[in-house]
Structure formats: C-alpha cells, structure tokens
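Q: Predicted model follows, preceded by the sequence.
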4 protein chains.
Amino acid sequence: MGKAHSNAWRQATHFFPLKADVELHTICGCRGEAKTVVPTAVAKWGFKNGSTNWREVIKSPEIDIVDIVAPNHVHAEIAIAAAQAKKAILCEKPLALNTKECAEMLSAAKKAGIINMVMQNYRRVPAVAQAKKMIQEGALGTIYHYRARYAQDWITDPNFPLVWRLRKNVSGSGAHGDINAHIIDLARYLVGEFKEVCGLMHTFIKKRPLEDKDARAGGLGGQGTKKMGTVTVDDAAMFIGRFQNGALASLEATRFALGRKNQISFEINGSKGSLYFDLEDLNRLQYFDNSNPVDRQGFRDILVTQPGGIHPYVGQWWPPGHIIGYEHSFVHAVADFVNAVVENKPVKPDFEDGLKNQTVLEAVEESARTREWVKI
Amino acid sequence: MGKAHSNAWRQATHFFPLKADVELHTICGCRGEAKTVVPTAVAKWGFKNGSTNWREVIKSPEIDIVDIVAPNHVHAEIAIAAAQAKKAILCEKPLALNTKECAEMLSAAKKAGIINMVMQNYRRVPAVAQAKKMIQEGALGTIYHYRARYAQDWITDPNFPLVWRLRKNVSGSGAHGDINAHIIDLARYLVGEFKEVCGLMHTFIKKRPLEDKDARAGGLGGQGTKKMGTVTVDDAAMFIGRFQNGALASLEATRFALGRKNQISFEINGSKGSLYFDLEDLNRLQYFDNSNPVDRQGFRDILVTQPGGIHPYVGQWWPPGHIIGYEHSFVHAVADFVNAVVENKPVKPDFEDGLKNQTVLEAVEESARTREWVKI
Amino acid sequence: MGKAHSNAWRQATHFFPLKADVELHTICGCRGEAKTVVPTAVAKWGFKNGSTNWREVIKSPEIDIVDIVAPNHVHAEIAIAAAQAKKAILCEKPLALNTKECAEMLSAAKKAGIINMVMQNYRRVPAVAQAKKMIQEGALGTIYHYRARYAQDWITDPNFPLVWRLRKNVSGSGAHGDINAHIIDLARYLVGEFKEVCGLMHTFIKKRPLEDKDARAGGLGGQGTKKMGTVTVDDAAMFIGRFQNGALASLEATRFALGRKNQISFEINGSKGSLYFDLEDLNRLQYFDNSNPVDRQGFRDILVTQPGGIHPYVGQWWPPGHIIGYEHSFVHAVADFVNAVVENKPVKPDFEDGLKNQTVLEAVEESARTREWVKI
Amino acid sequence: MGKAHSNAWRQATHFFPLKADVELHTICGCRGEAKTVVPTAVAKWGFKNGSTNWREVIKSPEIDIVDIVAPNHVHAEIAIAAAQAKKAILCEKPLALNTKECAEMLSAAKKAGIINMVMQNYRRVPAVAQAKKMIQEGALGTIYHYRARYAQDWITDPNFPLVWRLRKNVSGSGAHGDINAHIIDLARYLVGEFKEVCGLMHTFIKKRPLEDKDARAGGLGGQGTKKMGTVTVDDAAMFIGRFQNGALASLEATRFALGRKNQISFEINGSKGSLYFDLEDLNRLQYFDNSNPVDRQGFRDILVTQPGGIHPYVGQWWPPGHIIGYEHSFVHAVADFVNAVVENKPVKPDFEDGLKNQTVLEAVEESARTREWVKI
C-alpha cells in the first residue's frame, strides 16, 4: 500500500492538472526502519525528508496534508492528532478498527473543520465512476438489485501458512473486513444506504501451519512435523439485505474461489437498465439499455477509455483504447483530494463514509454471530 | 411445455439409440380441448390417439409410460393414479404443490415399484452433465462455494399485466417456485444436500393492471383508467445457506434483471478447481484447473460439443462445434427415461428428488416469513 | 447431411406455419443401400416410401419437391432431370463441382420456371438474418470491411488418415470449397458482389497414412509401417479482395486452427456501426452503434432469441433467452422454401447464388495458381 | 509519445531493480519550445536540464543513453550522430522513414559497437512476453497460422479533418506504417521472418476538410463551405503472406473499424496449441492446449498478473489479479534497455529489427502498387 500511495502522489503531479504544486515533504516509517526502509523510500520516491516519528511530522507547519498508510490499529490515533493539528487527512481503508474509533475520527475531523477522505480507490476506477454518473443521470431508473462478489484464491491451499491476515488479534477480520468492505462501499456509492442485513461468516480451513518464525517462537514441535495454529478470522463472508430505497442486496467475499485472483464483480439491475462490472477487466463496463429498439438490445461493452471529458479521469492518460491499470485509481483519488484541499471543499468518500462502512461490516458480523437479521 | 415434451419424445426416437421402440400412443388434453387443441396436437406430433379423459388413458393396457405435463395442482392426483396403474411416470417440475403431495406421490411410486422421474431438464444440458462428471471424477476436490442465479426480466415493466403466474392461488409462488427451483435442483445435483437456509422473498411491483378478461369480469372501473390488481407472489427470492458437506450457498432468482432473458449462471469453487456455467451460453463450461502450470492457469472455455463419447449426449447430434439448444435437454431426459424403463432401473432425478427440492423451497419460504434460519 | 435435412423437413412441420401440408414422400439412397440404410431411414423419419432409383422418383406425379443431398458430383445430373420434371428443387451446397455445371443447372431451372434454392443454411441462423435486416435498414451505413474466418481443427494431427475429403478427385477441393464457400456466401449475402480477389491455398501436411481399406487395396507395405498417401487438397485457403461497392474483404478458411471446432467469425465495419458474429455462439450478434451517446458506446451483445416477430425465426421455437442450435438453420431454410414453392415466389439463395459462389471459389483458385489478382 | 517515454524512465526507477542509478539528465525539445514546453517538461518529470539543441546534448560526456522521441524524419540523423558519440540509443518506432535510413543507422550502431533498441513496446506487454515464452517452450509446436489485426476507428467520420497523419509528405504512410508496423513486429517476434507477401492499401475517404490553419493558409474558399484537401495515405492496409518456416500470415490494419479503439488482436495456431491476444484486454492471453484431456479442452483465459517470477514483468507491480495498463510496456522496455546497457549486452528489438520491419512494410507497399507477390 505504501508503494501504491507513493506512486499515486508522484503520478498525480505528472498527469493531472492539480490546483497547487505538490511537494512530497516527509515519509514516515516505523521506529525500526530509520536506517533501512525510510531512506530507501525517500530516495526512490523523491521525498524531501524521512522520519520515524509521526507525532513530530504532523506538527510541521510546512505540511498541509497527512496521508495515513499505517497499520489499521493506529489510524485513529494518528488521524485525531493530525486533525487537531489542522492537517487535511487522507486515510487508507479501513478507516479504523471499529465504529467507535471511526466516530472519534469523524468527530475530530468535523471539529477541526479539515478536509478528510478515506481511500476507497475503487470508486475512482473510471468504469465505476462512469457507472455512478450513469446512475445519477437516471440510466438505470429505480434500482432493484445489487449483486456483488469480491473473490480471491490466495489461501485455498491448506498448507498456506498462518500469516498475520489470518489472525484476528492483528487483522480484525478476514475476507469480511478486507474485501467485503470494498463492495459494501461500492454498494453505498452506487445504490444507497443499507437498511438491514443478514449474513454468515465461515472459516473453511481451521488449522494452518505456523510460519517458521512463529513455529520457532513456540519452541516445541517434533521434527518433520509442522506446528499448526488456529485460523481466527473468516475465509468467506456473505450476506443478503435490503437498501433503504427498496433495492435488494447480495454480497459475498471469499478467499477460496480458485481462479479468481482479484475479482470484484457487481451487477445492478434497475427499471430502465442494468450495469455489470468486473475489476479483472476494469476498463470495461457492461450496460443494458432497455430503451434500445427491441431487436437491438443487449449488454453493451463500454470500453471506458475515451478522452476529451467523455469518460471520467482517463483523458489525463492515453488515447482511446489504451487501457489503464489498478494503480491509476489511487492517482485519481489523490488528484481529487488535492484539489479538494486547495479549494477547501468536501470530497467523498470521507470519514463519515468510513464510519458508515464500518457500521455495515459490524452489523453483518453481529448477524453472523446471532443468526438474526440486523437493522443498520 | 407440451411442445417441449412432444418434441422430446419425437426427437428421442430420431436421434437416440433407445432400447425399445417408442409409440406416441395418446395425447390427453383438458375437457374443453376435445375438438380443437387435441386433434391438432395429434396431427402435428403424430400421436395415435387423442383424449380428454386422463383417468381412462392411464388405465390402457397398451400404455407403459405416462408423461404428466398438466397444471401443477393436478400432478399428484394423476401421478398417484398412474402409479396405481403400474405405469412408469415422467412428471414435469414442480413435482407437486407442496411437500405433502410430493411425499404421497413418492409413496405411491415406491409402493407400485414403478420407474419415476421428475423433468428437471437442465441436469441434461451437456455442459451441466459434464460438470457433474468432472465433479464426480474429483476435478474440483472439496467444494467450498455454490453461487447461482436464475435471472429473467419479463415483468420488469410495471404495466405488464397481472397474469396467472403472478397470482399465488394459481401459481403457488413466483420466481421462487418457478426458477429458484431449478438452481436448487442443480445445487443438489452438483454439490449435495442443503443443511440450512436463510432467505428473503420480495415483490417490487405490488399492483399491476388486470388483464382485459379479468378487468371485464370485475365489472366496474372508470373509462380510460386501468383496473389494478394485487400481485400475490414474489418477484425475487434469494437465500444463503450451508450444505451438509460444509460448502456455502448463495442463490438468487429474479424476474427483474433487465437484459437477462433466461440466465442460469452458477459458479462452483473447490479445493482443486472451479466451474462456471451460463445457460444463455449452454454449450460451454468454464473450468479452472489449479493443477495446471502456474504460468498457464486460467478459466478454460470448454465447448461441450465433442462427439465420440467425449461429452455427454452430444454425440447423437452433430459434429464438433455445432451447438445445440434449449429443447435438446428434454430429448436427453426422455431418452434416459425410456431406457431406464426398459431396463427397469432407477433414473434420476426421481420423485424423491422432487420432494427434496420442494422441502428446500418451503424452508426458504418459511425463512422469509419468520426471518429466521431454517434447518432442512 | 441426410440427418440434418430429414430433421429439417420433420421439424419444419412441427414448428412453422407452413402454407401447405408437407408429406415426406420418398427417401432415395444409393444402389447398395436398398436393404439397409433406406428402410432404416424410412422408419426413423417417417417417409412413406424408400427407393434407390432417383430417376424414377423424380418423375412421380405425387412429388412436388426434390431435396438433393447426394454426393457433389451428381448434383447437376439430378437437378437438371428434376427441373425438367418441373419439380421445385432444394440442393445442398456446393451447388455443383464447377461453374459450368452450376450454369447448366441454373439454365435448366430457369427454362423450367421452377423454384430453386441452394442450402446455405447459415443465412438463416437468426443472428445472421438479423444482421442482414440491420444492414438493409442502414444500421452500418457504407460498408468498409468484411473480415471472416471459418476455422476448424479436425485434421491437425498428422496421423489423421487420408480420408476422401483430402483427395481432390473425390472432394474437388479442401477447406476452400468446403468451408470458404460458406463465408463467401455470407459475404455476398451481407455485403455484396466481389469485384476482384487475390489468394493462396496451402497444404501443411502433404503425406498422410492411408485408411486401412485403402492401404489393403494398395497391397504392399511392410509390417508395422503405415502406408502413406498424398494429400491433394488445400488445408487452408485465404484471400483478400474488393467488393463492387468499394468494401474490402479478407477471408480465411482453415482446418488447422486448434481449438476452433466450427468457428465462422465475421466482422463487418461500416460508416455507422459494426457487427460481429461467431457461429460457436450462434444465438448472439455483436453490434456497435456509433450513434449512441459518446460515453455509452460499445459492442452490444444482442441475444437473438426474442419472439413475437422481434428476431427472425426464433418466435417459432421457445421463450426469450432459450437458445437454439445448429440444425435449426436447416429448418428455417426448409420452411422458407416450402412457402416459396406454395406461393410460387423466388427464394434466396437460389441456383444463381450457387453459381456466383462457385465463380468466386474458382477465381480464388486461379489466383492461388497464377499468383495474380483475378477479376470476378 | 514524449509523455509515455518520460513516464517510462521515471517509473522504471520506481518499480524495477535496475543495475544502475538512472538520472534524467536532459530533455531536448524543438527550437521554438525553449521557453515553453521544455521548462515545463523539465519541472514535471524531474529532468536536470532542458535544451533545444540535440547536437550539443548528445556530445555531453555526462550522458550515456539517448532516447529518440522526435519526428520520424529526424530519427536517422540523430541516431547516427549519437552512435558516433558512442551513446547507447533507444529509438521510438518507426526506426526511420525507409530501409535506406534504417540500414545507415544500423551500420552506424554496429560500427560504434553501441547498444541499440527500437521501441516496439508491445513486445513487453506481459501477455505478449508470456506468449513468446510459451512458443519458445514449444507450447504451440509447429506454427501454421498467424492472423492479426490492428483496428482503430478515429477517422471514420468523413468530416474528420486532414491532419498531418493523413498527409504522406509528413507521415510517410497511413495505417500501414503507423499500426501495421506493430503487428508485423509481433509476427517477426512470435513466429519468424516473412518470406513473401501480397497486399493492398486503400483510402476510403479521399477528400477531407482542411484544418482551420491549413484552410486559412490556402487563402481562398467561399464562406460557409469547408475547403477540402486530398488524403494521401492509406486508411487501411492488408496482406497475406508466408513465413520462412512455412506458416501462413494474414494481417490487416485499419482506421475504419467502428468500435475498435485500439485493438491489436492476433491468433496463432500451431500443431500443439493456439494463442489469442487482444490489446484491449492486454492482461489476458487465451491458450488452447491440445494435450489436455479431450473432454476438458478449451481456450484458457490466462490472467497474466501472477508475481513471483511466474509471469514476465508483472511481479514488479501489484499482487495477482491487479491489472496493469498500456504505459507499463514502455516501462518494461526501458528497464530491459537500461540493464542491457549496464551489462553491455544486446537487447531486442534492435536496429536490425527496425530495418527488417521496414523491409516488410516496403514489400507490402510494393505489392499494393504492382499487384504482385513480393519476396522479402
């Protein structure tokens, strides 16, 4: 994520007409990284300074913007301090570990009156932004269905070790918080607020080999046998639900879908048309327009690469048909954020969105635990 | 459905090596059809006789097989009588209106010792049969996910009238019984038995214009205004669940997905591979094989049209790459059924499958009503 | 082909509103088939009679239509005799072995004033017929490009034997006459007449093992070694060209494209839009409409299955989204032919089309031989 | 192109383990750009210096590498001078205007013993590099067919003006030199050297409105009417041919394929398998493996995004399934070039490839002019 953010700041200045010059002032690492990671990053990305003391950095009067790309459990502390120091804040998702922290961050941001944003980069994939534009223009009419899936396959192998992402005390949750969070955000962005949810969370592989360092730490374990540890997060999470506007939702996140490397697919059906998107083909958007002549209807494969203001963001990159990739969505987010800060205008998704996203995540967790429907 | 079944009986004799000669002995219509529909059908499909008295027909000693393609509410009565008359029975889905009727039919069939089958034609789409074969051969390993959707769009228009399929007293249910039933059957066929389910059913358009005949019957209604009636079935039904073997399920049926004309799509993910199918491209099966070399993995687009015993059923039709259509699945079912009857061997799906399908349908309905998880 | 035609005659009566009753009067086989093939076919398809004497059959006053599904080298003789007997004639493609024969057949048909048709079934795939309709309605504007490929892979294996289709004296030509003929016909149907062509024909595998019967006939050959024979037809044929209306053409036929089982793909680009078709997905037609809003343009995936007169032919089959297959195109051709005969109206493609197709085929052969451009 | 190259130099240092530090020493513009374009570019991309005097720049002892991104007609002069100054040279395609110039550049490079490369960026799209790797590993066996198309649609509108790319004196040729050049390079890279070709070149729209500046320069022209000028290059060019290894070729380049924005599609068929690629989905490669079990064969959709050395180049970017875009191919080329220079090892495609590409282009032009086959 550090790479994606640093690249985004760099590329935003190369490709986008920002309303201010951007200086990469200081990159801040963890305590142990002062002599290794930090100076390397400074050199590679062209920061002016490096530091391992974020408390100091956020006080610098030379700094206007703080971009938080730290472990999730320190987001809140840094953000609140940065808000108090009147810095504009861009924070990697998830906003924080729980709704309480999110609410505190939002409160601090509001009190300080600072511009704030949570990095939900997929909103600024051009095809997704185009979907939003079309929905706002009424292309779908009344929305009936939002059906989304975020599918990966990187832990399907039972011998894949018990990495930190599979331990609840470090990561908070599994597929749910990591990737369901993205399609929940897209649901709120494209369709509206959830009203109620009912879901399940499941762990397919309950024991996994410890990583070497952890196995050694544990001390024991016979020769030739791998020490096993317990997976404490979900491998998959799915839920059904209703939006406040009456649409129905079906969402699923899994790390056990062999062949799906990083597939966010969603389909939205409305009274006038439908949209379909797949992140593995992120330059495309499928659109069914029910107003077409009846003998010429069909899902239209829009290649979202038309410059000249036709499609969002892509005009800053290459000619028609020249596709862009994953990291460009971060660049778009940074560009929008910088301009919002310069103009002192709100930008979405903000901390309030981060809080609402967390609220839905926790409601699904509660539903999975209690086996009940949960109101949002 | 009459057309699909008649065609199937005819084409089975043309294309499949049946173990007995098949004679289309009698086609039986409703009382009012004696002078119109029945003789037309006799002539068109080459039946020897026509009748409007099924009770007589099923007693004929010249008849070995009864194919029930009647309104759902008379399936049970006909089937039980036919079983008592020792006829082999092929019954269009749904087997009956409820589990009670299904159980009675099953009991009658067992008692009579007759061969019985429910027409779930999609099991015999070659790509689906190929999926079954591959799963049985272990191509997927342990199954983790079954995610299916049956999507149509024929009642999206709010001015579409209140036809019989939208009235509970006639049709039993809406999208749920009509189309969810198919993907539940495929789930049971390909993955296994359900353990528990939790779902919702929803009606998007609650009032619709009466059909002219109904409006007239109602008598009143001002000039120029359409008389409206209440939709009493679901427009969409979705549920999540668990299989007894530990796999997770997500199913959705809807008549409100614009652009999806008759799309049954399912994805099954296992520990060794994945499969994807879409009925709108029914000659194809997508297969991800995790044992391929790591730089050459990907979903493989199997065109299920190889003759010579390579792919199920298709060898009876055309050369490689010459695709078949919807109605062929009925022909395959009839061919298998005839041969089962001749050899007096059980054939699937049978009345027991029909009962189990109905059990899952009712569990989802109960869950939607009570907002609780329901054990199967 | 006999199977495809017999089925077509049968199914046309089952599914299409023909303007006359159709009786399958006599099926005619080769001399040696009088006791085997013919009676089997009579029984299976419900013909009234069987025969092995076509000269007699075509004189029968009870017969109005002669459908020629015989080896290519006897098409002309049968057709001319049938024309003289005033029978309407449907002739399997290719119309004959060369333009001279084709011209004689056309002349006989004209002189007799009979309805005549050559079976180019792919014109009546609904998606192809829909393409024609759209082009006639101006959806493409001025046509610039026709790019087509007919690709198969059934002789890629060098050990595949020297079957009759690979011997020029029996088959006339290889991929060129067998499958290029189809995409030439579609070119003429959809775009217009060719003006000039330049092409090549190539044989990749020049020697192949004889079939067992031929090897034995040859007498010699050491034990354990296969006797080899010479392939005398083309494995692949491709040409570029110009249409009279100024459009450009690129066509390719090959039996050496592994993975392509029976792929006719064509793309047509015009000043207002483009079309793309692939026979392996024959229920679909891709359409790009340049008049769509600039941010919503894309190839539209038309599922050509809408009944109610919306899409050609399909209304006689099943509801929306229920796809049809290869053989249905034969049924459509027979239905149109029967109605044309009843109404005594011309129907396309007729013998003149068969002749023109052969003219283009021979021009490409000449070009391949002389390495020159050839005018049509 | 300047943007793509500058970005590539910048990003190569950010993402690739280069064997030397790279300093962006001097960017060199045209004479008139000294006060505008050059300083802007210096600032935006972080060059140390700007200049408008390339003759001076290439003499600087501080400079090791010259990257030529200038109008095509000055490539030769700059490259020859740079070679004489012993600089390593990366030159944008086309290498030069004609084979004579190309040969002189190659000769100068050889004489100087410098590392040289022509920027044919598409060779380093990961999916294309993966295709090359698979072909080298024998995945396709003997190659039979290379069928490629480069299709765009940006001048389909007859009112699109007569820009410089449509004037032969400025651009050399039209679709042929601009885009056919790319698929010729890929042909040589993936299949081998051409043996003979036969082609055509065509201009659909022969007169176009002058651009405003040109119309004014022309002086006259009545009010309200647009002044028209003559298009002197090809709108489309296509050819068939043979490779030295016996494979057949069919290539087509067009700017008149509505809906195809920047589509390079190629299919390669061999004795063991087939490959298909489409630049509009550049992260994917379709692969048919004839050695798969017969019931499980099909085109496999390889998502070429696996890190860890599995797929070429992509390991430097993002996790699996996170796609990359058009510009990344330039970054890969620059990274390979830098490392080749540091290690003083040849790198492909080099000036010899540039010359050979030009040789094929001119052979096709000659064939189009003479209507004859032309040997390479």
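A: Sure, I can see it.
Q: Quick check on the closest residue in space to residue A:81 that isn't next to it in sequence: phi, psi?
A: Of all residues not flanking residue A:81 in the chain, residue A:58 sits nearest, at 5.7 Å (Cβ to Cβ, 6 or more residues apart in numbering or on different chains). Using the backbone N, CA and C atoms, a C-beta is placed for each residue, glycine as well. Per-residue torsions, residue A:58: phi -70, psi -10 (degrees, to the nearest 10).
Q: So what does the residue nearest to the spatial centre of chain A look like in phi/psi?
A: Centroid-nearest residue in chain A: residue A:120, 3.8 Å away (criterion: Cα atoms, centre = their mean). When read as degrees, to the nearest 10, the backbone of residue A:120 gives phi -110, psi 80.
Q: Tell me how many other residues surround residue A:311.
A: Neighbourhood size, residue A:311 [other Cβ atoms under 10 Å in any protein chain shown]: 24.
Q: From residue A:89, how far off is the residue nearest to residue A:81?
A: With the distance defined as Cβ to Cβ, to the nearest Å, residue A:58 ends up 9 Å from residue A:89.
Q: How far does stretch A:238-258 sit from its chain's centre?
A: Using Cα atoms, centre = their mean, to the nearest Å, the mean C-alpha position of stretch A:238-258 is found 17 Å from that of the whole chain.
Q: which residue does the stretch 101-250 of chain A bring closest to chain B?
A: Chain B sits closest to residue A:144 of the stretch 101-250 of chain A, with a gap of 4.5 Å, by Cβ to the nearest Cβ.
Q: which ones are touching the closest residue to that residue other than its chain neighbours?
A: Residue nearest to residue A:144 in three dimensions, not counting chain neighbours: residue B:256, with 4.5 Å by Cβ to Cβ, 6+ apart. Residues near residue B:256 by Cβ atoms under 8 Å, 6 or more residues apart in numbering or on different chains: A:144-145, A:269, B:153, B:155-156, B:204, B:235-236.
Q: Residue A:302 contacts residue A:126, doesn't it?
A: No: Residue A:302 is beyond contact range of residue A:126, at 10.1 Å (criterion: Cβ atoms under 8 Å).
Q: which residues touch the longest helix along chain A?
A: Looking across chain A with DSSP state H, the single longest helix is helix A:351-370. Under the criterion Cβ under 8 Å, 6+ apart, residues A:79, A:89, A:91, A:93-96, A:98-99, A:102-103, A:105-106, A:109, A:116, A:118, A:120, A:173, A:176-177, A:180-181, A:184-185, A:188, A:193-194, A:197-201, A:237, A:239, A:349, A:372-376 lie in contact with helix A:351-370.
Q: What subset of those is buried?
A: Among these, those classed as buried by 16 or more other Cβ atoms under 10 Å in any protein chain shown are A:79, A:89, A:91, A:93-96, A:99, A:102-103, A:105-106, A:109, A:116, A:118, A:120, A:173, A:176-177, A:180-181, A:184-185, A:188, A:194, A:197-201, A:237, A:239, A:349, A:373-374, A:376.
Q: What are the boundaries of the strands in the stretch 101-250 of chain A?
A: Using DSSP state E, counting those that start in this stretch, the strands of the stretch 101-250 of chain A run over A:116-119, A:143-151, A:194-202, A:207-209, A:228-230, A:236-243, A:248-254.
Q: what's the closest of the ones you listed to residue A:335?
A: Nearest to residue A:335, of all those, is strand A:116-119, at 11.7 Å by Cβ to Cβ.
Q: Packing partners of that closest one?
A: The contact analysis (3 or more Cβ pairs under 8 Å, 6 or more residues apart in numbering or on different chains; DSSP states H and E) places strand A:116-119 against strand A:88-92, helix A:328-343, helix A:351-370.
Q: On the pLDDT front, check the residue in the stretch 1-150 of chain A that chain C sits nearest to for me.
A: Per Cβ to the nearest Cβ, residue A:130 is where the stretch 1-150 of chain A lies closest to chain C, at 6.7 Å. The score at residue A:130 is 98. That number is its pLDDT.
Q: Grab the nearest non-local neighbour of it.
A: In space, residue A:130 is closest to residue A:304, 5.2 Å off (Cβ to Cβ, 6+ apart).
Q: thinking that neighbour is in contact with residue A:311, fair?
A: Yes: using Cβ under 8 Å, residue A:304 is in contact with residue A:311, at 4.7 Å.
Q: residues shared between the contacts of the two?
A: A:126, A:130.
Q: Helices of the stretch 151-300 of chain A, residue ranges please.
A: Per DSSP state H, counting those that start in this stretch, the stretch 151-300 of chain A carries helices over the ranges A:168-171, A:175, A:181-190, A:212-218.
Q: so, in contact with chain B or not, the third one?
A: Translated: helix A:181-190. No: looking at helix A:181-190 against chain B by Cβ under 8 Å from any Cβ of the partner chain, there are no contacts, and the closest approach is 13.3 Å.
Q: Is there any residue in that helix that contacts chain D?
A: No: Helix A:181-190 lies apart from chain D when judged by Cβ under 8 Å from any Cβ; the minimum separation is 12.8 Å.
Q: what residues does the stretch 51-200 of chain A put near chain C?
A: When proximity is defined by Cβ under 8 Å from any Cβ, the stretch 51-200 of chain A lies next to chain C at A:130, A:133-134, A:139.
Q: Neighbours of the residue nearest to residue A:130, how many?
A: Residue A:304: 25 surrounding residues under other Cβ under 10 Å.
Q: All set, thanks.
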